[in-house]
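> Give me the fold of what follows.
(one chain, ligands or ions: 1)
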Amino acid sequence: MSALPPGPRLPRSLQAVGWTQRPLPWLERCHRRYGDTFTLRIRHYGDWVILADPDDVKKVFTAGRAVGVDVANPLLGPLLGPRSVMLLEEPEHMTRRKLMLPSFHGQAVQADSEMMATVAREEIERWPVGEPFALWPRMQDITLDVVMRAVFGPDSKSPRLQPLRERLRGLTTWMNEPRNLAMLAFLGPGWVVRSRGYRESMGAVEEAVMAEVRRRKADPDGGSLGVVSMLVRAQYEDGSPLSDRDLRDELVTLLSDGPTSSTLAWTFERLLRHPDKVERLREDVLAGDGSYLDAVVKETLRLRPPVPVVVRNLLEPMRLGGHELPAGTTVAPCIHLIHRDERHYPEAHRFLPERFVGKQPGTYTWIPFGGGVRRCLAASYAEMEMKRVLRIVSETIELRAVESGAERARKSAISFAPDQKGLVIAEPRESEPAGPRPLAPV
Ligand code: HEM
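Here you go, the predicted structure:
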């Protein structure tokens, strides 16, 4: 056994059960027992040195080429493909990142904000009134529409792209099926690639994505918009275009955005169990202020980060948590544990958006989007999207939770979502909601 920091001595297969069945409580238990640096040995995932000290996380995020790619989620390899920005090593990673960043940053965020509001309004009109429904799938519809618009431009509404929308929904449903998640945990990523269900769903998505790529390639100056046209026209420094593999992997990466919809579902799950905060949010939105809206999004991302760890491969030895870790070690900056630490957040287990009103979060104590050169390249885009959706919902509809108790976190294919999928009942704003219900303190 190497000199990795101590951790649970359970067999790998049992650690895999802990990680796949109840990962968050398990991480918390290990943190209490072993401190800020400990090693998990998980079957199909390997050995991970978990880092819960922001100073260590800073060291990893700012280590430049001393760290390389590793993926926390074994599904990501087959799903995204080796030419995805998320899986490319330097220097290719940075070249690709620079190419894509302008589409999800700065002016692009402002330019798309009205589109995000329109998508949310259209979706809310379809919600049932007065009967329970699950919010998470509705949020998946919104985020899918938004990312389709970003990737394909106004064409995303054309009947030509409807089959792709349906196929992406089919793929997401397949990946989030509890049985398939259990098989993945038990048999590893190899099973996914061999599985007929996955191959059929993914094959259908790839076929539709590449058909659109071919269409845009055939007419590169045809006025088509969106990331896909930009990528089709892009060239490497030597003048060569992106290959079909590059295009497939990049487009599937963008189109499989999962964290935004689960964070939105969590935002409502948390808010609706705190009616005073719902009211404060509504007042903030109606006053056109936005500081509480911003704080609600930040606090949800703190308390329910949809991605609880990111991982890196050490390409050089590094001293972390008092341990000399050799090159080749997988280290895992733990978003969940840092966000739940009383040393950084008093009353860390409570949902208190107030903690972020007029206060910016710390660079290494608030890391829902990861950090360093691999920080989520759509972080500000996703924050804007969540704020637009929250704003439109607050203005137009009254939601209440079906159950008073908190929903537990459940592992989905790409992120963590509420286990009841965010069960709510909607009422139009004009009418009174059906009476206050006692809500459990959380
Ligand atoms: C609440 C929403 C989101 C959260 C919490 C989130 C979180 C993350 C995290 C934790 C990483 C890994 C960072 C690391 O390894 O340090 C990441 C990377 C990435 N995300 Fe997001 N993400 C969100 C939304 C999105 C959206 C909407 C898109 C695009 C449509 C997107 C595209 C990407 C890409 C392309 C990367 C790879 C960046 C790189 O390797 O350079 N994300 N995201």
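
> going forward, measure contacts and count neighbours with C-alpha atoms only.
Noted.

> quick one: pLDDT of residue 436?
At residue 436, the model reports a pLDDT of 39.

> meant to ask about residue 174
At residue 174, pLDDT is 87.

> now do residue 386
For residue 386, pLDDT reads 98.

> Can you report how many residues lie near it?
24 (other Cα atoms under 10 Å).

> Distance check, it against residue 297.
7 Å (Cα to Cα, to the nearest Å).

> Enumerate every residue touching residue 256.
Applying Cα atoms under 8 Å, 6 or more residues apart in numbering to residue 256 gives the contacts 168, 172.

> quick one: it and residue 121, what's the gap?
Residue 256 is 22 Å from residue 121, by Cα to Cα.

> so which residue of the stretch 101-250 of the chain comes closest to the ligand?
residue 147 (5.7 Å; Cα to the nearest ligand atom).

> doesn't residue 255 make contact with that residue?
Yes: using Cα atoms under 8 Å, residue 147 is in contact with residue 255, at 6.3 Å.

> Three-state assignment for the residue of the stretch 101-250 of the chain closest to the ligand, please.
helix (DSSP: H, G, I helix; E, B strand; the rest coil).

> Quick check: it vs residue 24, distance?
29 Å.

> Could you do residue 185 as well?
16 Å.

> Could you give the number of residues near residue 125?
Applying other Cα under 10 Å, I find that residue 125 has 11 neighbouring residues.

> cool, the one 10 residues further on as well?
For residue 135, the tally of surrounding residues (other Cα under 10 Å) stands at 24.

> Please give me every residue in contact with the closest residue to it other than its chain neighbours.
Nearest non-adjacent residue to residue 135, counting by Cα to Cα, 6 or more residues apart in numbering: residue 422, 5.0 Å away. Taking Cα under 8 Å, 6+ apart as the contact definition, residue 422 lies against 134, 135, 136, 265, 266, 268, 269, 401, 407.

> Which strand or helix spans the fifth one?
According to DSSP states H and E, residue 266 maps onto helix 259-271.

> Check which helices and strands that helix is in contact with.
helix 135-152, helix 291-303, helix 379-396, strand 416-418 (3 or more Cα pairs under 8 Å, 6 or more residues apart in numbering; DSSP states H and E).

> Show me the contact partners of that helix.
By Cα under 8 Å, 6+ apart, helix 259-271 touches 135-136, 139-140, 142-143, 277-278, 296-297, 300-301, 304-307, 351, 382, 386, 401, 406-407, 414-418, 421-422.

> Please work out the angle formed by the directions of it and helix 135-152.
150 degrees (axes from the mean of the first three to the mean of the last three Cα atoms, to 10 degrees).

> Can you name the element that comes right after helix 259-271?
Heading C-terminal from helix 259-271 (DSSP H and E), you reach helix 275-286.

> Which neighbouring elements make contact with that next one?
Using 3+ Cα pairs under 8 Å, 6+ apart, helix 275-286 sits against helix 291-303, helix 379-396.

> 10 Å - rerun?
Here helix 275-286 touches helix 259-271, helix 291-303, helix 379-396, strand 397-401, going by 3 or more Cα pairs under 10 Å, 6 or more residues apart in numbering; DSSP states H and E.

> Can I get the third one in CSV? Just the C-alpha atoms.
In other words, helix 379-396. In CSV, the C-alpha atoms belonging to helix 379-396 read as follows (Å, rounded to 0.1, in the frame of the first residue of the first chain):
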residue,chain,number,x,y,z
ALA,A,379,-20.4,29.4,-14.6
SER,A,380,-21.7,33.0,-15.2
TYR,A,381,-24.0,31.7,-17.9
ALA,A,382,-25.5,29.1,-15.6
GLU,A,383,-25.8,31.7,-12.7
MET,A,384,-27.6,34.1,-15.1
GLU,A,385,-29.9,31.3,-16.3
MET,A,386,-30.8,30.3,-12.7
LYS,A,387,-31.5,33.9,-11.8
ARG,A,388,-33.7,34.5,-14.8
VAL,A,389,-35.8,31.3,-14.1
LEU,A,390,-36.2,32.2,-10.4
ARG,A,391,-37.2,35.7,-11.2
ILE,A,392,-39.9,34.6,-13.7
VAL,A,393,-41.3,32.0,-11.4
SER,A,394,-41.4,34.5,-8.5
GLU,A,395,-43.2,37.0,-10.7
THR,A,396,-45.8,34.6,-12.2
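
> pLDDT below threshold where in the stretch 251-400 of the chain?
For the stretch 251-400 of the chain, no stretch is flagged by pLDDT under 70.

> what does it put close to the ligand?
For the stretch 251-400 of the chain, the residues in contact with the ligand (Cα under 6 Å from any ligand atom) are 254, 257, 259-260, 263, 306-307, 310, 368-371, 374-379, 382.

> what about residue 159, neighbour count?
9.

> what's the pLDDT at residue 430?
On the pLDDT scale, residue 430 gets 62.

> In JSON lines, list the helices and strands packed on helix 259-271 along with distance to residue 161.
Formatted as JSON lines, the helices and strands packed on helix 259-271 follow (distance: least, Cα to Cα, whole Å):
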{"stretch": "helix 135-152", "distance to residue 161": "9"}
{"stretch": "helix 291-303", "distance to residue 161": "31"}
{"stretch": "helix 379-396", "distance to residue 161": "22"}
{"stretch": "strand 416-418", "distance to residue 161": "28"}
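
> Determine which stretch of those is the most buried.
Stretch with highest mean neighbour count among those: strand 416-418 (a mean of 25; mean count of other Cα atoms under 10 Å).

> Quickly check: that one near the ligand or not.
No: Strand 416-418 stays clear of the ligand (Cα under 6 Å from any ligand atom), getting no nearer than 10.1 Å.

> That strand packs against which elements?
helix 135-152, helix 259-271, strand 409-411.

> still on that earlier bit, which one of residue 185 and residue 24 has more residues nearby?
Shown here are residue 185 and residue 24; by other Cα under 10 Å, residue 185 has more neighbours (22 against 19).

> pretty sure that one contacts residue 17?
Yes: assessed by Cα atoms under 10 Å, residue 185 is found in contact with residue 17 at 7.9 Å.

> Could you export the helix ranked longest in the chain as CSV, CA atoms only?
Assignment by DSSP state H gives helix 196-218 as the longest helix of the chain. The C-alpha trace of helix 196-218 is given here as CSV (Å, rounded to 0.1, in the frame of the first residue of the first chain):
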residue,chain,number,x,y,z
ARG,A,196,-27.7,-1.8,-25.7
GLY,A,197,-29.9,0.9,-24.1
TYR,A,198,-26.9,3.3,-23.9
ARG,A,199,-25.6,2.6,-27.4
GLU,A,200,-29.0,3.1,-28.9
SER,A,201,-29.7,6.3,-27.0
MET,A,202,-26.3,7.7,-27.6
GLY,A,203,-26.2,6.6,-31.2
ALA,A,204,-29.4,8.5,-31.9
VAL,A,205,-28.0,11.7,-30.3
GLU,A,206,-24.7,11.4,-32.2
GLU,A,207,-26.5,10.9,-35.5
ALA,A,208,-28.7,14.0,-35.0
VAL,A,209,-25.8,16.1,-33.8
MET,A,210,-23.6,15.1,-36.7
ALA,A,211,-26.4,15.7,-39.2
GLU,A,212,-26.5,19.3,-38.1
VAL,A,213,-22.8,19.6,-38.2
ARG,A,214,-22.8,18.3,-41.8
ARG,A,215,-25.5,20.8,-42.7
ARG,A,216,-23.6,23.7,-41.3
LYS,A,217,-20.3,22.5,-42.9
ALA,A,218,-22.0,22.4,-46.3
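
> Appreciated, that's everything.
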